[in-house]
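Trainee: Sequence first, predicted coordinates after that:
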There are 2 protein chains.
Amino acid sequence: MAERLVLWGIGGIPEIVAGDDLEAILSHAIAAMAAEDPDTALADGDIVIVTSKIVSKAEGMQVPLAARDLAIEEDTVRIVAERAHAGGVTRIVETRQGLVMAAAGLDTSNVPDGQALRLPRDPDASARALCAALRRRWGRRVGVIITDTLGRPWRVGQTDAAIGAAGLQLVDDLRGGVDANGRPLNVTVTVVADELAAAADLVKGKASRVPVAIARGLSRLVADLDAPGARTLARLGDDDMFRFGSTESWRQGYAAALRELAERKEKVK
Amino acid sequence: MAERLVLWGIGGIPEIVAGDDLEAILSHAIAAMAAEDPDTALADGDIVIVTSKIVSKAEGMQVPLAARDLAIEEDTVRIVAERAHAGGVTRIVETRQGLVMAAAGLDTSNVPDGQALRLPRDPDASARALCAALRRRWGRRVGVIITDTLGRPWRVGQTDAAIGAAGLQLVDDLRGGVDANGRPLNVTVTVVADELAAAADLVKGKASRVPVAIARGLSRLVADLDAPGARTLARLGDDDMFRFGSTESWRQGYAAALRELAERKEKVK
């Protein structure tokens, strides 16, 4: 039989609150499922894909709604673009986790009333801790991805992506390899971690209580615990061609021209 | 057992050339696999995910390398951003298919020497034709996605996305729905077609000859043949906050300021 990739969701996870031992709760839910279907017990090469929301909750990243704006400000490294509309202002920012997201990833869905939820402070560290604990308990070499839902330019809607990872090779770097005709594959760096996050979203659910999925069939990607994390997927430096929104950049250029002319006049005087 | 999503690649597909009957070749490869493993025969609710490259080849979208620049120009609706570097100029453009891609999607990997490959002219129409023919032959209600590999701002590398689709619901629109706490899910439009394209890439392969995958377990997404295609996933109008690269927008703003000042001087005279 052909190599298969199989994904399934882990349900039966209770509402997570600050201080919860996420690994213990996850392992309990996985064991409960495995009691009915032994195939689903964690195996070598499995990849455990966890919605960041429950990581944030366990880590106590909830803030009162009244403190939402302050939290966004704290979590923002740089405003990338903003736009006013009927419902308020959409502000796309670079977060301190190296992500570009609306409202610095602060979220009010699936959060208790009157609360907003910040991203995990360091999703790679969270993934590493979870991965180490799962490996210890199960004695299996597994990988961990922590996901969040990201919008993207030029296309409607959102897809899930990897914001934290541990024990996993995140990219299939095909540069330097050859295609089926033996010609060099120049530019392809497939970000398998994001593709796995997206795949897992298809069996998890935003409207249901299935915040975790397991992917089986890609054990070749599972790596040592200290493999580079999802932070390495950020590209926010000089090679970022979309460092600011079009309107923001336009205004910067406009202002620069006025400033230059003013300086020139100054010199003429 | 929990609901599972299972994906597998379809190998044994020969090099595709212009004029090939892609459906017949695909069905032959699927039937050959099913002869060894009956489970893999097309079933109701299966989603067939096809790399655009073989669609382009079947449709004769190859051009001589010498005509590459002309083809890019023809396929470009708008230059979004460009940047010179050691290897030449990277030009990100909006294609006539409504995609934002480097080099209008023209590709030289896995293409015979001296050739470049354009995108399918109308990937949704290609998907519709393939989906109709597969449904006719197999008597099964299947969906079809045509994929390509897209870069994205702010993150390294590429992931696969849906550039054509038929017989499939492409988005899970959760707006108006409620979360597990009964609170409104305001903004989430999950683009399941892109998540499926990404998932399929994990069992296909750029360096191998596995250009097709089948996904099973999401029959709820399979729809009538005339469901909206992937073209509807483009968001390239006034609500696109990244209509041009930062440098391009900056220059536009700079030029606008100079123009305004020149006009003002004109009036003063």
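Mentor: Alright, I've got the coordinates.

Trainee: Tell me where the model's unsure across chain A.
Mentor: Within chain A, the stretches with pLDDT under 70 are A:1-2, A:175-187, A:206-207.

Trainee: Which residue ranges make up each domain of it?
Mentor: Residue ranges for the domains of chain A, per automatic domain parsing: A:1-61+A:120-234, A:63-116, A:243-269.

Trainee: Please look at residue A:140 and residue A:43 and confirm they touch.
Mentor: Yes: using CB atoms under 8 Å, residue A:140 is in contact with residue A:43, at 6.0 Å. Just so you know, the C-beta spots here come from the backbone N, C-alpha and C atoms, and that holds for glycine as well.

Trainee: Can you pull up the residues of the stretch 1-150 of chain A that come close to chain B?
Mentor: Counting by CB under 8 Å from any CB of the partner chain, the stretch 1-150 of chain A comes close to chain B at A:1-11, A:33, A:36-37, A:39-40, A:81, A:83, A:92, A:94, A:99-100, A:102, A:108-113, A:149.

Trainee: what's the residue nearest to residue A:75 when sequence neighbours are not counted in contact with, if anything?
Mentor: Of all residues not flanking residue A:75 in the chain, residue A:104 sits nearest, at 3.9 Å (CB to CB, 6 or more residues apart in numbering or on different chains). The contact partners of residue A:104, by CB atoms under 8 Å, 6 or more residues apart in numbering or on different chains, come to A:71, A:72, A:75, A:76, A:93, A:95, A:118, A:119.

Trainee: Dump the domains of chain A to CSV, plus distance to residue B:223.
Mentor: Shown next, in CSV, are the domains of chain A (distance: least, CB to CB, whole Å):
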stretch, distance to residue B:223
domain A:1-61+A:120-234, 16
domain A:63-116, 26
domain A:243-269, 35
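
Trainee: just so I know, which of those domains lies nearest residue B:17?
Mentor: The closest of the domains of chain A to residue B:17 is domain A:1-61+A:120-234. By CB to CB, the value is 13.4 Å.

Trainee: most neighbours per residue, which of the domains of chain A?
Mentor: domain A:1-61+A:120-234 (a mean of 20; mean count of other CB atoms under 10 Å in any protein chain shown).

Trainee: Show me how far it is from its chain's centre.
Mentor: 10 Å (CA atoms, centre = their mean, to the nearest Å).

Trainee: same check, this time on stretch A:225-240
Mentor: Distance of stretch A:225-240 from its chain centroid, counting by CA atoms, centre = their mean, is 12 Å.

Trainee: ends of that stretch, how far apart?
Mentor: 29 Å (CA to CA, to the nearest Å).

Trainee: Okay, and the beta partners of residue A:89?
Mentor: Beta-bridge pairing for residue A:89 (DSSP bridges): residue A:84.

Trainee: how much space is there between it and residue A:254?
Mentor: 21 Å (CB to CB, to the nearest Å).

Trainee: what about the longest helix along chain A, near chain B?
Mentor: Using DSSP state H, we find that the single longest helix of chain A is helix A:246-268. Yes: legend: contact between helix A:246-268 and chain B by CB under 8 Å from any CB is shown at A:246-258, A:261.

Trainee: all strands in the stretch 151-269 of chain A, in order from the N-terminus.
Mentor: In the stretch 151-269 of chain A, the strands defined using DSSP state E, counting those that start in this stretch lie at A:158-166, A:172-173, A:189-190, A:212-216.

Trainee: The second one - contacts with which helices or strands?
Mentor: Using 3 or more CB pairs under 8 Å, 6 or more residues apart in numbering or on different chains; DSSP states H and E as the contact criterion, the neighbours of strand A:172-173 among helices and strands are strand A:189-190.

Trainee: so what secondary structure elements neighbour the strand it packs on?
Mentor: Judged by 3+ CB pairs under 8 Å, 6+ apart, strand A:189-190 is in contact with strand A:172-173, strand B:158-166.

Trainee: Which of these sits closest to residue B:237?
Mentor: Closest to residue B:237 of the helices and strands packed on strand A:189-190 is strand B:158-166 (CB to CB; 18.6 Å).

Trainee: May I have the closest one exported as CSV, CA atoms only?
Mentor: Backbone C-alpha positions of strand B:158-166 (Å, rounded to 0.1, in the frame of the first residue of the first chain) are rendered in CSV as follows:
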residue,chain,number,x,y,z
GLN,B,158,6.4,28.2,0.1
THR,B,159,3.3,26.1,0.7
ASP,B,160,0.9,24.7,-1.8
ALA,B,161,-2.5,26.4,-2.4
ALA,B,162,-5.6,25.8,-4.5
ILE,B,163,-5.4,27.7,-7.8
GLY,B,164,-8.3,25.8,-9.3
ALA,B,165,-11.2,23.8,-7.9
ALA,B,166,-14.5,22.1,-8.8
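
Trainee: Quick test: name the residue nearest the centre of chain A.
Mentor: Nearest residue to the geometric centre of chain A (CA atoms, centre = their mean): residue A:163, 2.4 Å.
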